[in-house]
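> For reference, the sequence and a predicted model appear below.
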Amino acid sequence: MINLKNIVKKDVNKAYIAATLNATLIGLTFLFTKYALVYIEPFEVLSLKFVIAYIFLAIVINLGVKKVNFKKLYEFRKEMLILGIFQPVLFFGFQVFGLNYLPIAQVGILYSIAPVVTAIFGVLFLKETINLKQTIFMIISIIGIIYIYVMRSIGGYFDPANETSIMGVLFIVISILATSMYAVSSRKLSKNLDPITITYGMMLIGAFVFTLLNIGISAFYGVPNIFVKLYTVGSDLLNINFISSILYLGIVVSVITSFLVNYSLSKIKAAEYSIISKLSVVVSILSAIIFMNETVASYQIIGVSAIIFGVIGANYYSDNHIKSKNANDDNGKIK
């Protein structure tokens, strides 16, 4: 006899693994974006990465590895367009411009407030619930975030005269709002579309919008767009750092992480996914220290430790985890 509780438990566990892997890959996004921005402009990065992402996904589909439900995609085209505006357009668009002004570690720490915003949106728009213990651990994470930025403000980081820093923070905050709305919208749309179909729609929208913007902006300023630039000065761009950065952003970040996110959100709550996603801040900070020689102060380590503690606690006391644990205990009892 098929045990539905075990099936649900396995699906939930897979969703948690997918969300954790996604957080790791996303944490490295900032590093590879910084590398790419050394060689080309923000809109060029966005256009190129989504064109590569769409081509890669189209090849995967044509090989029969995955199938896209085009009929369903057309049926829910309006909902898909709304989702695509939030992510990839607004989320990745403002993220790249934010990274153009801020160091990796600071962007990573800023993104740690995204789960809080997503949890609030999940409660407001999806009527999701968060239990008391989850709330307590989420507050611990929030305290960690507040502590980091209070200490940074004391150190003079948020200097009103520093327009570059303020602009970078503003871009990242808009990106956070966009990804929070995306998490809520994806959770809703995943009831009608499978993860690969949603991912395909997102890559198509990203490739179309950012390439159109790239061509339009290049024409307005009378400069060659990224595709003309690759043809005319390709030898200066086609080095290992640039190629690896664009391939990572185009294939790993754009396609693989989008699929992981959509899969996770089809199995677990938006609030639970957002909690796990906070682990990306740790990865981003470590990558900044190791590869970009950025320094991290002791107060940042304390704050990030509080964030991680909150992540683990909120996950452990999530409704899905408790139900899975109870189901496992029930299966072990002699009846």
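Noted; the coordinates are in hand. Residues are numbered from 1 along each chain as shown.
> what's the burial count for residue 237?
For residue 237, the neighbour count with other C-beta atoms under 10 Å is 16. Placement of C-beta: from N, CA and C, glycine included.
> Tell me which helix or strand the residue nearest to it when sequence neighbours are not counted sits in.
The shortest distance from residue 237 to any non-neighbouring residue, by C-beta to C-beta, 6 or more residues apart in numbering, is to residue 39 (5.6 Å). Using DSSP states H and E, residue 39 falls within no helix or strand.
> residue contacts, residue 39?
Applying C-beta atoms under 8 Å, 6 or more residues apart in numbering to residue 39 gives the contacts 237, 241-242.
> Distance of it relative to residue 249?
Note on residue 39: its distance to residue 249, by C-beta to C-beta, to the nearest Å, is 12 Å.
> And for residue 47?
11 Å.
> go on, residue 167?
Distance, residue 167 to residue 249, by C-beta to C-beta: 22 Å.
> now residue 136
Applying C-beta to C-beta, the value for residue 136 to residue 249 is 37 Å.
> okay, those two: which has more neighbours?
Comparing residue 136 with residue 249 by other C-beta under 10 Å, the one with more neighbours is residue 249, at 25 against 13.
> so what's the closest residue to that one other than its chain neighbours up against?
Leaving aside its chain neighbours, residue 249 sits nearest to residue 49 (4.1 Å; criterion: C-beta to C-beta, 6+ apart). Neighbouring residues of residue 49 by C-beta under 8 Å, 6+ apart: 36, 246, 249-250, 253-254.
> And residue 48, by the same measure?
Applying C-beta under 8 Å, 6+ apart, we find residue 48 in contact with 40, 226, 246, 250.
> Now it, what are its backbone angles?
The phi/psi pair for residue 48 (degrees, to the nearest 10) reads phi -60, psi -40.
> Residue 12 is in contact with residue 268, isn't it?
Yes: counting by C-beta atoms under 8 Å, residue 268 is a contact partner of residue 12 at 6.3 Å.
> Name the residue in the two with the higher neighbour count.
residue 268 (25 against 20).
> Relative to residue 246, how far out is the more buried one?
For residue 268, the distance to residue 246 (C-beta to C-beta) stands at 31 Å.
> how many other residues sit next to the closest residue to residue 196 other than its chain neighbours?
Leaving aside its chain neighbours, residue 196 sits nearest to residue 66 (4.6 Å; criterion: C-beta to C-beta, 6+ apart). Neighbours of residue 66 under the rule other C-beta under 10 Å: 15.
> Check the one 4 residues further on too.
Residue crowding around residue 70 was assessed by other C-beta under 10 Å; the count is 12.
> Next: residue 257.
Taking other C-beta under 10 Å as the criterion, the count of residues near residue 257 is 21.
> Also the one 4 residues further on?
Residue crowding around residue 261 was assessed by other C-beta under 10 Å; the count is 27.
> Now it: which helix or strand?
According to DSSP H and E, residue 261 maps onto helix 257-265.
> Can you list the neighbours in contact with that helix?
Residues outside helix 257-265 that contact it (C-beta under 8 Å, 6+ apart) are 14-16, 18-19, 21-22, 25-26, 29, 87-88, 183, 186-187, 190, 195-196, 198-199, 202-203, 273, 276.
> State the mean pLDDT of that helix.
Helix 257-265 carries an average pLDDT of 83.
> Let me have it in PDB, keeping just the CA atoms, if that works.
The C-alpha trace of helix 257-265 is given here as PDB (Å, rounded to 0.1, in the frame of the first residue of the first chain):
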ATOM      1  CA  THR A 257      18.600  28.400  -9.800                       C
ATOM      2  CA  SER A 258      15.200  29.500 -11.300                       C
ATOM      3  CA  PHE A 259      14.300  25.800 -11.600                       C
ATOM      4  CA  LEU A 260      15.400  25.100  -8.100                       C
ATOM      5  CA  VAL A 261      13.400  28.100  -6.700                       C
ATOM      6  CA  ASN A 262      10.200  27.100  -8.700                       C
ATOM      7  CA  TYR A 263      10.500  23.500  -7.500                       C
ATOM      8  CA  SER A 264      11.000  24.500  -3.900                       C
ATOM      9  CA  LEU A 265       8.100  27.000  -3.900                       C
END
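> Distance of the residue nearest to residue 237 relative to residue 300?
Note on residue 39: its distance to residue 300, by C-beta to C-beta, is 29 Å.
> Quick check: phi and psi at residue 28.
Phi and psi for residue 28, reported as degrees, to the nearest 10, are phi -90, psi -10.
> Relative to residue 299, how far out is the closest residue to it other than its chain neighbours?
Counting by C-beta to C-beta, 6+ apart, residue 28 lies nearest to residue 287, which is 5.7 Å off, once chain neighbours are set aside. Plainly put, residue 287 is 20 Å away from residue 299 if you go by C-beta to C-beta.
> More neighbours: which of the two?
Neighbours around residue 287 and residue 299, counted as other C-beta under 10 Å, are more numerous at residue 287. The numbers are 21 against 15.
> From the contacts of helix 257-265, which land in helices?
Members of those lying in helices (criterion: DSSP state H): 14-16, 18-19, 21-22, 25-26, 29, 183, 186-187, 195-196, 198-199, 202-203, 273, 276.
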